[in-house]
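A.B. asks: Mind folding the following:
(4 chains)
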2 protein chains.
Amino acid sequence: MGAPLPRDPIADARRNWELHGWGEVAAPMAAITAIMRTQQILMARIEDVLKPLGLTFSRYEMLALLSFARTGALPMSKASALLQVHPTSVTNAVDRLETAGYVERTRHPTDGRTTLIELTADGRALTEKATAALNAEVFGRSGFTSVDVEDLLRILSDFRRQAGDFA
Amino acid sequence: MGAPLPRDPIADARRNWELHGWGEVAAPMAAITAIMRTQQILMARIEDVLKPLGLTFSRYEMLALLSFARTGALPMSKASALLQVHPTSVTNAVDRLETAGYVERTRHPTDGRTTLIELTADGRALTEKATAALNAEVFGRSGFTSVDVEDLLRILSDFRRQAGDFA
DNA sequence: TATTGTTATACTCTATAACTATA
DNA sequence: TATAGTTATAGAGTATAACAATA
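C.D. replies: Next up, the predicted model:
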């Protein structure tokens, strides 16, 4: 959506913050802005890969989650917790995936309140295709060095633990 | 949106990927997933701070950009390029900010095609208030150590340069 | 009473295409 | 012809509140 800028806008912003009396928080502000921008770039790449397959990222996330489930089925509430999204977002995503024939709703055997979501054969095939495409075109060519990847994983793992993501 | 998980789901996914024949890309996949999740956490914090001020993040970004402009005014097209968003998104954001009285559209002195955006006094005051709140409640308490912040800035700067963000 | 999930509704942001006005 | 910006329209995800069914 445009040519490269002549200078790094985030480095500029950091200097600007320091000049305006925010020296204390200039560096973390810049780091957080860089995370936002990096996420934006990566999301665009992922969406470019998924679009030809008729998937959005959030729907792919749902399919990938189901493909990992040992029994092949997951309660809506568990999907909501694991994907960190609102229950209505799960309902919405499952509605569309079900219409497309990639998942099916089934009743929970013992708890009548619970709806289980299950991959269909089509859904499983599509998930495998999408995963292979993402691995080849995004994760396999991320541009991060191996060392940087490990540093990122440690730093972001510390952050997520501290943020209450896991124990 | 739920209690902490007992285990790190991203570390689990990395192991799972390795077990399913994707060992080559398991680490970058995990790192990218961690970036996505970190962005989600940070965005939620930022929105919590901005919501009481009646601002969304994208509208705050627009105000902050204008507050840095030397002349105090910026063409729509320049805002679109610097914020890396579609021109229609700029039109939308400026429409709402103008209705709220925080920015004004003015004509470019020499190019009749160009619309300039300018902060009002109210807009500048709100921007300063929002910036102070974000610095105090988000950037000043990010949870990243100083060393991690510098590592993040270097790694993500390399990535963004490679992705064509700047020269 | 509490929990699970759905529905209705609304509000973001984003994108495409068609259009006007100006260069 | 090309550029800047707007409009109309559509789609995505997310959220709140009210509700039904079940525990």
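
A.B. asks: what's the spacing between whichever residue of chain A sits closest to DNA strand C and DNA strand D?
C.D. replies: As assessed by CB to the nearest atom of the strand, DNA strand C sits closest to A:S77 within chain A, at 2.6 Å. Any C-beta I mention is one placed from the backbone N, CA and C, and that applies to glycine too. To DNA strand D, A:S77 is 12 Å away according to CB to the nearest atom of the strand, to the nearest Å.

A.B. asks: how about the residues of chain A near DNA strand D?
C.D. replies: Chain A comes close to DNA strand D at residues A:56-59, A:85-86, A:88-89, A:92-93, A:96, A:110-113, as judged by CB under 7 Å from any atom of the strand.

A.B. asks: So what's the residue count around the residue of chain A found nearest DNA strand D?
C.D. replies: Using CB to the nearest atom of the strand, the closest approach of chain A to DNA strand D is made by A:G112 at 2.5 Å. Here the number of neighbours of A:G112 (other CB atoms under 10 Å in any protein chain shown) works out to 8.

A.B. asks: Would you double-check that A:R105 falls in a helix?
C.D. replies: No - applying DSSP: H, G, I helix; E, B strand; the rest coil, one finds A:R105 to be strand, outside a helix.

A.B. asks: For the helix of greatest length in chain A, the averaged confidence score.
C.D. replies: Secondary structure of chain A per DSSP state H: the longest helix is helix A:23-50. Confidence over helix A:23-50 (mean pLDDT, whole number) is 95.

A.B. asks: Just list what that helix packs against, helices and strands only.
C.D. replies: helix A:9-19, helix A:57-68, helix A:121-137, helix B:23-50, helix B:121-137, helix B:146-162 (3 or more CB pairs under 8 Å, 6 or more residues apart in numbering or on different chains; DSSP states H and E).

A.B. asks: Just put those in CSV and tack on distance to A:M36 and mean neighbour count.
C.D. replies: Formatted as CSV, those follow (distance: least, CB to CB, whole Å; neighbours: other CB atoms under 10 Å in any protein chain shown):
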stretch, distance to A:M36, mean neighbour count
helix A:9-19, 9, 17
helix A:57-68, 16, 20
helix A:121-137, 21, 16
helix B:23-50, 6, 19
helix B:121-137, 12, 16
helix B:146-162, 10, 17
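
A.B. asks: quick one on the thing from earlier: for the residue of chain A closest to DNA strand D, phi and psi?
C.D. replies: Backbone torsions for A:G112, taken as degrees, to the nearest 10, come to phi -60, psi -20.

A.B. asks: Which one of the residues of chain A next to DNA strand D is nearest to A:G123?
C.D. replies: Nearest to A:G123 among the residues of chain A next to DNA strand D is A:R59, at 10.2 Å by CB to CB.

A.B. asks: and the gap between that closest one and B:D12?
C.D. replies: From A:R59 over to B:D12 the distance is 21 Å, taken as CB to CB, to the nearest Å.

A.B. asks: Distance from the longest helix of chain A to the middle of the chain?
C.D. replies: 13 Å (CA atoms, centre = their mean, to the nearest Å).

A.B. asks: just to revisit the earlier point, how about the helices and strands packed on helix A:23-50, which one is nearest B:P4?
C.D. replies: helix B:23-50 (12.4 Å).

A.B. asks: Whether that closest one contacts DNA strand C - can you check?
C.D. replies: No - counting by CB under 7 Å from any atom of the strand, DNA strand C has no neighbours in helix B:23-50; the shortest distance is 9.4 Å.

A.B. asks: what ranges of chain A fall below the confidence cut-off?
C.D. replies: A:1-3 (pLDDT under 70).

A.B. asks: circling back: I'd like the helices and strands packed on helix A:23-50 written out as JSON lines, with distance to A:R105 added.
C.D. replies: Listed next are these as JSON lines, based on distance: least, CB to CB, whole Å:
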{"stretch": "helix A:9-19", "distance to A:R105": "45"}
{"stretch": "helix A:57-68", "distance to A:R105": "12"}
{"stretch": "helix A:121-137", "distance to A:R105": "12"}
{"stretch": "helix B:23-50", "distance to A:R105": "26"}
{"stretch": "helix B:121-137", "distance to A:R105": "41"}
{"stretch": "helix B:146-162", "distance to A:R105": "40"}
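
A.B. asks: Quick one: closest of the ones you listed to A:F159.
C.D. replies: Comparing the helices and strands packed on helix A:23-50 against A:F159 with CB to CB, the closest turns out to be helix B:23-50 (5.9 Å).

A.B. asks: How is chain A partitioned into domains?
C.D. replies: What automatic domain parsing lists as the domains of chain A is A:1-53, A:56-136.

A.B. asks: Which residues of chain A lie near DNA strand C?
C.D. replies: Checking chain A against DNA strand C by CB under 7 Å from any atom of the strand, the hits are A:1, A:75-77, A:80, A:87-88, A:90-91, A:94-95, A:105, A:113-115.

A.B. asks: Neighbour-wise, which one of those residues leads?
C.D. replies: Highest neighbour count within the residues of chain A next to DNA strand C, by other CB under 10 Å: A:V90, with 23 neighbours.

A.B. asks: That residue - nearest residue in space that isn't next to it in sequence?
C.D. replies: A:S80 (4.8 Å; CB to CB, 6 or more residues apart in numbering or on different chains).

A.B. asks: What helix or strand is the one you found located in?
C.D. replies: Using DSSP states H and E, A:S80 maps to helix A:76-83.
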